[in-house]
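**Student:** Sequence first, predicted coordinates after that:
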Amino acid sequence: MIAILGTGKMGEALLSGLLRAGVKQDEIVATARRPERAQALRERHGVRVVTNSEAAELAETLILAVKPQDMAALLTEIAPHVPAGKLVITVAAGITTSFVEARLGDEVPVVRVMSNTPVLVDEAMSVISAGAHAAETHLKHAEDLLSPVGKVLRIPESQQDAATALSGSGPAYFFYLVEAMVDAGILLGMPRAAALDMVTQSIVGAAIMLRDSGEHPVILREAVTSPGGTTIAAIAELERHSVRAAFLAAIEAARDRSGQLAAG
Ligand SMILES: NC(=O)C1=CN([C@@H]2O[C@H](COP(=O)(O)OP(=O)(O)OC[C@H]3O[C@@H](n4cnc5c(N)ncnc54)[C@H](OP(=O)(O)O)[C@@H]3O)[C@@H](O)[C@H]2O)C=CC1
Ligand SMILES: O=C(O)[C@@H]1CCC=N1
């Protein structure tokens, strides 16, 4: 039995992914804080919604997906129900495996995961790291759960905050870029729907080329950039506005914020 504790946006995305991957409805339970949220989860997914302590008792694998600020309270609540035999998987920015181990007891195997919202379309990027008591079997189990909903990479826990900044938050940067490009289309007099179509298809095409061609992004960009042409006129403006430096600073800020989150 798998339990998802704190089934909000990310928890529900994982829940739906596990169901699509073939986990049966009676092999998974969820928890929620508000009755209306519990009802919505039951109606949408046909799973049982139980209390946190029931979930911790029932399941061998616990996926904790509350906000970082809510993690300490949740761990205190479930601690009496989590013996060393259970696997605890966290999906929370900034929450270290030692933070969890300190509250659940010494021997509990913990795997820290940072995934992202494309889990909803089976295209997640999930990075995983083992806590002090997580063995190869625990990492493998976490990989098996996450692989059907996207790509999984093992990384040292010291890189988790950086990964949170890059791929956990990553989709938001692309949505932001799309918004900005659609605004540019509007500025040029393009109807909004047409601009959104053009930008969306461009980002999908570019993403698939990047993933499937194996080419370096510089090569792909150079192939679009004709001497004296339109693309270089745009890139000159991006450079003039220090867009690359803005990305470096932004992602560094996200990494730093991830490191602060466990403190609340
Ligand atoms: N959104 C994203 O793109 C990503 C988020 N994450 C991580 O996932 C985690 C969840 O984020 P997200 O899904 O966006 O946040 P949400 O607020 O949507 O989900 C958290 C859910 O947990 C519920 N909750 C809080 N405390 C308890 C409790 N004690 N018992 C049961 N349920 C509880 C909340 O209830 P209520 O609805 O009442 O507030 C809420 O539904 C975070 O730690 C975040 O860092 C990771 C990767 C990407
Ligand atoms: O913004 C956040 O804190 C979460 C973590 C990664 C993506 N969203």
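**Tutor:** That came in fine, so what should we check first? Ligands and ions are numbered 1, 2, ... in the order given.
**Student:** show me the contacts for residue 152.
**Tutor:** Neighbour list for residue 152: 126, 127, 128, 142, 143, 146 [criterion: Cβ atoms under 8 Å, 6 or more residues apart in numbering]. Yep, even glycine has a C-beta here, placed from its N, CA and C like the rest.
**Student:** Could you tell me which residues within stretch 93-104 count as buried?
**Tutor:** Going by neighbour count (16 or more other Cβ atoms under 10 Å), the buried part of stretch 93-104 is 93, 94, 95, 96, 97, 99, 100, 101, 103, 104.
**Student:** ugh, wrong one, I meant stretch 134-153
**Tutor:** Neighbour counts over stretch 134-153 (16+ other Cβ under 10 Å) mark 134, 138, 139, 141, 142, 143, 145, 146, 148, 149, 150, 152 as buried.
**Student:** and the closest residue to ligand 1 within the chain, what does it touch?
**Tutor:** Minimum separation of the chain from ligand 1 (Cβ to the nearest ligand atom) falls at residue 8, amounting to 1.7 Å. Contacts of residue 8 were listed using Cβ under 8 Å, 6+ apart, and they are 37, 65, 66, 67.
**Student:** Can you read off the pLDDT for the third one?
**Tutor:** I take that to be residue 66. At residue 66, the model reports a pLDDT of 98.
**Student:** returning to that earlier point: and the contacts of residue 152, which of them are in helices?
**Tutor:** In this view, the contacts of residue 152 that belong to helices under DSSP state H are 142, 143, 146.
**Student:** Let me know the closest of those residues to ligand 2.
**Tutor:** residue 146 (15.4 Å).
**Student:** Can you name the residues in contact with the helix or strand residue 244 falls within?
**Tutor:** Taking DSSP states H and E as the definition, residue 244 sits inside helix 243-260. Helix 243-260 is contacted from outside by 93, 94, 160, 161, 162, 164, 165, 166, 168, 169, 173, 238, using Cβ under 8 Å, 6+ apart.
**Student:** Say whether ligand 1 is contacted by that helix.
**Tutor:** No: using Cβ under 6 Å from any ligand atom, helix 243-260 stays clear of ligand 1, coming no nearer than 8.3 Å.
**Student:** thinking again about what came up before, would you reformat the contacts of helix 243-260 as TSV and include secondary structure and pLDDT?
**Tutor:** Shown next, in TSV, are the contacts of helix 243-260 (DSSP: H, G, I helix; E, B strand; the rest coil; pLDDT from 0 to 100):
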residue	secondary structure	pLDDT
93	coil	95
94	coil	94
160	helix	97
161	helix	97
162	helix	97
164	helix	97
165	helix	98
166	helix	98
168	helix	97
169	coil	98
173	helix	98
238	helix	98
